[in-house]
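Asker: Sequence first, then the predicted structure:
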Amino acid sequence: MNADISTLDRVEANGVRLAYTLCGRGADVVFLHGWMCNRTFWQQQCRELAGRNFRCLAVDFRGHGDSETSAEGYSVEQLAGDLGAMMAALGIGPAVIVGHSMGGMVAQHFCLERPDQTAALALVATIASDAEDRLISKRIAADATRMGFSGAFDRHFDAWFAPGARRSVRGWVKRQMRSTRDDVGLELVSAYGRFDLTGRLGEIRRPTLVIGTRSDDSAPPGQSRRLAELIPGAQLALIEDCGHFPMLEKPELLSRALLSFLETQAAPRED
């Protein structure tokens, strides 16, 4: 069984070359990263699940990581369309779609528009709407107009983490996020600024796990509870002493929650 998460490949989807990592054998699980992040944020979860008879696809959205940067197409709808085209090209799915933050927005939209490609959902530190403008990415975009993107990013960056988050984790996340172009980040914030699927979540008919964290200032636990309440039959798990990046701050707890859900909702298959 191949559990190598270091292999990078690319596939064309909607006219853009998108990077991905595919590893393991078994039931398909697709990992979607957050705003200005990339597929490597999921490397520990991919490694663990690939070793437990799951086939893991971790993708870089357009403009992120090793994927091409396009002149346009930075919206939740387009990213979901890119994902559908990528999965079809690779023969992936129906899959459990695991989305973090912005990736969780994409996952919700994808499930609603492409239920045939969705086996189940795992929504990590994400929202269905941000009527109170709590998203840190929106705070950065607002302040960027008067103090520049870098200054605004530095000002708000630490709010993503719980007080006890390791300095090495914070530093790694910052380097990864700052490798994404500022204009890509700003275009995405502008596009999802009024993202609101609360009126459609009752249409989701796929098993769903919502994973929130107790110390997330961007997608606070109340948002996770609301997601779980609005999606029929959704399960809710809250991780203690953790900020917005549980895959890095509390990777063991996140993996445990994912595995428990996956082993009941997406029974592994033999290829």
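Answerer: Sure thing, it's come through.
Asker: can you list the weak-confidence ranges in the stretch 151-271 of the chain?
Answerer: 266-271 (pLDDT under 70).
Asker: Burial check on residue 66, number of neighbours?
Answerer: 16 (other CB atoms under 10 Å). C-beta: built from backbone N, CA, C; applies to glycine.
Asker: now it: how far from residue 179?
Answerer: Residue 66 sits 10 Å away from residue 179, going by CB to CB, to the nearest Å.
Asker: Are there residues contacting both of the two? Which ones?
Answerer: Overlap of the contact sets of residue 66 and residue 179 (by CB atoms under 8 Å, 6 or more residues apart in numbering) consists of residue 38.
Asker: looking at this, residue 99 is in a helix?
Answerer: No: assigned with DSSP: H, G, I helix; E, B strand; the rest coil, residue 99 falls outside any helix and is strand.
Asker: can you pull the contacts of it?
Answerer: So residue 99 contacts 32, 105-108, 121-124, 126 (CB under 8 Å, 6+ apart).
Asker: likewise residue 96?
Answerer: For residue 96, counting by CB under 8 Å, 6+ apart, the contacting residues are 27-30, 119-122, 262, 265-266.
Asker: Counting neighbours, which of the contacts of residue 99 comes out on top?
Answerer: residue 124 (32 neighbours).
Asker: hey, what's that residue bridged with?
Answerer: Under DSSP bridges, the beta-bridge partners of residue 124 are residue 100, residue 211.
Asker: Distance check, it against residue 49.
Answerer: 14 Å.
Asker: before we move on, what about residue 73?
Answerer: 29 Å.
Asker: who's more crowded, those two?
Answerer: More neighbours surround residue 49 than the other of residue 73 and residue 49, with 27 against 19 (other CB under 10 Å).
Asker: surely the more buried one meets residue 261?
Answerer: No: judged on CB atoms under 8 Å, residue 49 makes no contact with residue 261 at a distance of 11.3 Å.
Asker: Next, work out how far apart residue 256 and residue 229 are.
Answerer: Residue 256 is 23 Å from residue 229, by CB to CB.
Asker: Check residue 52 too.
Answerer: 30 Å.
Asker: So those two - more neighbours on which side?
Answerer: Set residue 52 next to residue 229 and count neighbours by other CB under 10 Å: residue 52 wins out with 17 against 12.
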